[in-house]
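Q: predicted model and sequence below, questions to follow.
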Amino acid sequence: MTYEEALAYIYGLLGERPRSPHPYSPLKLERMRHLCALLDHPERHFPAVLVAGTKGKGSTAAMIAAMAAAAGFRVGLYTKPHLVDFRERIRVNGELITPREVTALMAEVPAAIAHGAGRPGWPPTYFEVAAVLAFLHFARRTVDLAVVEVGIGGRLDATNVVEPARAVITTIDYDHTDLLGDDLRRIAAEDAGIIRPHGRVVTVPQPPAALEVLEQAASAQEATLVRVGREIRYRTLRVSPAGVRCTVVGRRQRYRDLVVPLIGRHQALNAAAAVAAVELLEDAGFVVPEAAIRSGLAGLHWPARIEIVRRHPLVVVDVAHNPVSFRALRAVLDETFRGRRLVLVIGLLGSKDLEGIARIMGPRAAVVVATRAEDPRAVPATDLAAAFRPWAPEIHVVDDPVDAVRFAMRQATVDDMICATGSFHVAGPVRAHLKRTPAAPEAAWARRAGRPAAGAAPGGHSAAFAAPAD
């Protein structure tokens, strides 16, 4: 099997399964457990931290991994989805799994899947195979610790086969309501499924209904619940386009003036949760001193989380994809980038709250360029444009995300801001394009100021636009 054949096999699992009338059922976790058993239980070869929640879990997981690695531990990190390259999901001390390693591990998986044929709900899904590949890689690399981002919910997610040494639950809000339901208590109960008997769990401030569920679940499991905002306190000292500076008062000590090179006040909250988690790891044998906490956070690179990828004009890419993450993005636009005229490039997947997201982001944008995320589940760009029409003064439709950001750059002056967001399947291709394309000189952007929108129909709307080459 070549690397290309390995990826083709993995991606092929996306289309093999007929749609189940009960996609979110205990069968999901049982299938993952059986797949792990067929591969000699790689998930049992390392202690882990599970990170669940609706908003902030990827950044929090990356922070925990970075601090533990800075302390000298070999740390696996599993996150999802990826921006461009499948290998982004699986890292050890920041290094992506290699194509050779993917190929070697995938040589074992098809035979295991074939051996399990005939079981209810078989074969495993793309997401389950991706997770088991991570566990195999971490076991073969003999990691000291794995930090594992949960996918949907927690109770039945494929990652919940891991027995966590510690767990973190970030902000809980409405997302994946087609699977988890539209009741916040029910969503919180799914996230609480990662809490183990006598475990130790960190949570950030939650809506009252969600916090009550977490507290009840922790009590029932006789687990210790450490709450940011109560047992753990933090204060944001500064926010800027360079990131945030904050002070965290942990259970062990006070960490003054921590530098987090991620943009947005919400990253101080994520840092507080991550610091709380590494403090709790000390009782499990993982001592992370203050110097490692500082250097791990300060050296963190976590792409497409309100990331500046161009400056003339300013272009930011972000993976916001649900109302709670768009509220955080809007807060950053209003605080850190206050006064900049916004050209918004946005594409969403079909399960998202279009109207709610349009209400949050539309009034902030001078121009909205609706696009179609590079995913079969994507919302048609015309539907997205219709949702934004009551809220934004100027709407355009450009189906391809890269063409959409090219088009947006033709609407922008040197002092404007472009934000490409809505999905990993928008942020990923846009970021990749801009990173490999030379920026235009600032003087050229200044000359373009006030230029009319190419392809725009009367009234500021365009049904489609094929952007010329840069």
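A: It's in.
Q: ok, the most centrally placed residue in the chain - contacts?
A: Most central in the chain under CA atoms, centre = their mean is Gly58, positioned 4.7 Å from the mean C-alpha point. Contacts for Gly58 (CB atoms under 8 Å, 6 or more residues apart in numbering) come out as Thr79, Glu149, Trp302, Arg305, Val319. No exception for glycine: its C-beta is placed from N, CA and C like everyone else's.
Q: the last one touches Ala427, doesn't it?
A: Think Val319. Yes: using CB atoms under 8 Å, Val319 is in contact with Ala427, at 4.9 Å.
Q: okay, and the common contacts of these two?
A: With CB under 8 Å, 6+ apart as the test, Val319 and Ala427 both reach Leu83, Ala304, Thr421.
Q: in strands, which of these appear?
A: Judged by DSSP state E, strands contain the following of the shared contacts of Val319 and Ala427: Thr421.
Q: and Asp85, how many neighbours?
A: Counted with other CB atoms under 10 Å, the neighbours of Asp85 add up to 12.
Q: which strand residues bridge the closest residue in space to it that isn't next to it in sequence?
A: Of all residues not flanking Asp85 in the chain, Leu96 sits nearest, at 7.2 Å (CB to CB, 6 or more residues apart in numbering). Counting by DSSP bridges, Leu96 is bridged to Arg91.
Q: now do the contacts for Leu96.
A: Asp85, Arg87, Glu88, Ile90.
Q: let's have those in JSON lines, adding pLDDT.
A: Formatted as JSON lines, those follow (pLDDT from 0 to 100):
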{"residue": "Asp85", "pLDDT": "96"}
{"residue": "Arg87", "pLDDT": "97"}
{"residue": "Glu88", "pLDDT": "97"}
{"residue": "Ile90", "pLDDT": "98"}
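Q: now Gly264: phi and psi?
A: Here is the backbone geometry of Gly264 (degrees, to the nearest 10): phi 120, psi 140.
Q: that one: neighbour count?
A: Quick note: Gly264 (other CB under 10 Å) scores 24 neighbours.
Q: that one contacts Ser240, correct?
A: No: the criterion here is CB under 8 Å, and Gly264 misses it with Ser240 at 10.5 Å.
Q: tell me the buried residues in stretch 227-238?
A: Arg227, Val228, Ile232, Tyr234, Thr236 (16 or more other CB atoms under 10 Å).
Q: run through the bridge partners of the third one.
A: Beta-bridge partners of Ile232, counted by DSSP bridges, are Val228.
Q: of the contacts of Gly58, which belong to strands?
A: Glu149.
Q: mind putting the contacts of Gly58 in TSV, pLDDT and neighbour count included?
A: Below are the contacts of Gly58 laid out as TSV (pLDDT from 0 to 100; neighbours: other CB atoms under 10 Å):
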residue	pLDDT	neighbour count
Thr79	98	22
Glu149	98	25
Trp302	95	18
Arg305	96	25
Val319	97	23
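Q: good, wrapping up.
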